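Participant: When you get a sec, could you give me coordinates for this:
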Amino acid sequence: MIWLKPSWQAVLAILLCLVAFALGAMSKPEAAALAEPAATIAYPYMDTKGLILALLLIAALVSTVRLAPLVEGVVLFVGAHIAAWLLIKGIGGFEGTALAPYFLALAAAWLLAWRCVGLLSSLRPAANGAKTALRLVIPAIFGAWILIIWEAVTRGAGIPFILLPPPSAIGARIANSLPILGSDVRQTIFKAVLIGYIVGSFAGFIVAILADRVPFLRRGLLPIGNMVSALPIIGVAPIMVMWFGFDWPSKAAVVIIMTFFPMLVNTVAGLAASGHMERDLMRTYASGYWPTLLKLRLPAAMPFIFNALKINSTLALIGAIVAEFFGTPVVGMGFRISTEVGRMNIDMVWAEIAVAALAGSVFYGVVALVERAVTFWHPSVRGG
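Facilitator: A predicted model of the protein is given here:
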């Protein structure tokens, strides 16, 4: 039996498929049709139920054979995803009628996808292109299965649309509302977030340099910074709206407050991160404060500075959206969310949330890429 190497995911998927087959009907209309064979009752999976279970069983059985990890991963990927697509496609028009075998088949497909991701994660390719492809494929499969399970459960269980719309409905709303979403992104991201992020981060960096140079500023500002960082945004935002008006400057002001102190605290900590030996060496070369700062202490502080920039990339988006709840022109992501919730247009609310999440992820990713390019010498980057 040396040619067998069954995983627990494959064994459990096989058991789930067998139980699903033994239980029979995958939906209530199918159960009704089986109870009354003479009645002409339309039901889902009339021609695909056997195919779904067969795909899952074949993929699970093949994965128990000792194959190359990449080959096994491809088999699992194909079997799990085709079966999941057939499950979701079949329940369309029969939402809320799924029975236990439907969910058992979904769980079996998810287990095979889990095994697939585990196999891909264990690969150690030598080529840089293959490494990059794996770093993209693995999170893509993981994220896709979050959406697959979301779609299958909401449709199969018939969860009310107002509570949780399926991803397909959210995607359709995004596709049909691109002009509105574009204007909201332009108002929130390209005005309030970017301007507030740049001004707040740059101001925090400059003040950190001054605090490092002047000891009494460091001793006085850092405790205040910790206190201001704890201020609730829902208390600050209305004040900024009263001070700077309803347009984007008030939201940028909230973002500046939220991004200033993380940059200040992290930069001050980073400037103290260089070792005593390195600073002593600079002193033996008769290096003054500014040459030492530029050539030793700022490079050593770069990981801390980029850590603040990454933290601020998420804080800025959150701050701008929340600030728009307290007064804004008839445009903006926060305005749209609060308005559409009142109208019970929950798919539009989720569309705005999805766009905000995508924008935040892109923002964070750009900062992370710049960090890798700037701090390529740091052990955390060399090791990654």
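
Participant: which SSE is Val254 in?
Facilitator: Assigned by DSSP states H and E, Val254 belongs to helix 248-271.

Participant: what is the mean pLDDT for stretch 232-245?
Facilitator: Per-residue pLDDT over stretch 232-245 has a mean of 80.

Participant: And stretch 14-29, by the same measure?
Facilitator: Rounded mean pLDDT across stretch 14-29 is 90.

Participant: For it, buried residues please.
Facilitator: Residues Ile14, Leu16, Cys17, Ala20, Phe21, Ala25, Met26, Ser27, Pro29 are the ones in stretch 14-29 that count as buried (16 or more other Cβ atoms under 10 Å). Where C-beta positions appear, they are placed from N, C-alpha and C, glycine not excepted.

Participant: I'd assumed Leu111 was in contact with the second one.
Facilitator: Read it as Leu16. Yes. Applying Cβ atoms under 8 Å, one finds Leu16 in contact with Leu111, separated by 7.4 Å.

Participant: any low-confidence regions in the stretch 251-384 of the chain?
Facilitator: 275-289, 377-384 (pLDDT under 70).

Participant: Only alpha carbons, please: show the helix holding Val254 as CSV.
Facilitator: This file holds the C-alpha atoms of helix 248-271, laid out as CSV (Å, rounded to 0.1, in the frame of the first residue of the first chain):
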residue,chain,number,x,y,z
TRP,A,248,-13.7,66.9,1.8
PRO,A,249,-11.4,69.3,3.8
SER,A,250,-13.2,68.3,7.1
LYS,A,251,-12.7,64.6,6.3
ALA,A,252,-9.1,65.2,5.4
ALA,A,253,-8.7,66.9,8.7
VAL,A,254,-10.0,63.8,10.5
VAL,A,255,-7.5,61.7,8.5
ILE,A,256,-4.6,64.0,9.4
ILE,A,257,-5.4,63.6,13.1
MET,A,258,-5.6,59.9,12.8
THR,A,259,-2.4,59.5,10.8
PHE,A,260,-0.2,62.1,12.5
PHE,A,261,0.5,60.4,15.8
PRO,A,262,1.1,56.8,14.6
MET,A,263,3.8,58.3,12.3
LEU,A,264,5.2,60.4,15.2
VAL,A,265,5.4,57.6,17.7
ASN,A,266,6.8,55.0,15.2
THR,A,267,9.4,57.4,13.8
VAL,A,268,10.7,58.4,17.2
ALA,A,269,11.0,54.8,18.1
GLY,A,270,12.7,54.0,14.8
LEU,A,271,15.3,56.8,15.3
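
Participant: what's it packed up against?
Facilitator: With contacts defined as 3 or more Cβ pairs under 8 Å, 6 or more residues apart in numbering; DSSP states H and E, the packing partners of helix 248-271 are helix 194-213, helix 215-229, helix 233-244, helix 298-323.

Participant: mind redoing it with 10 Å?
Facilitator: Applying 3 or more Cβ pairs under 10 Å, 6 or more residues apart in numbering; DSSP states H and E, one finds that helix 248-271 makes contact with helix 178-187, helix 194-213, helix 215-229, helix 233-244, helix 298-323.

Participant: most packed of those?
Facilitator: Neighbour counts (mean count of other Cβ atoms under 10 Å) averaged over each of the helices and strands packed on helix 248-271 peak at helix 298-323, with a mean of 22.

Participant: Alright, I will stop here.
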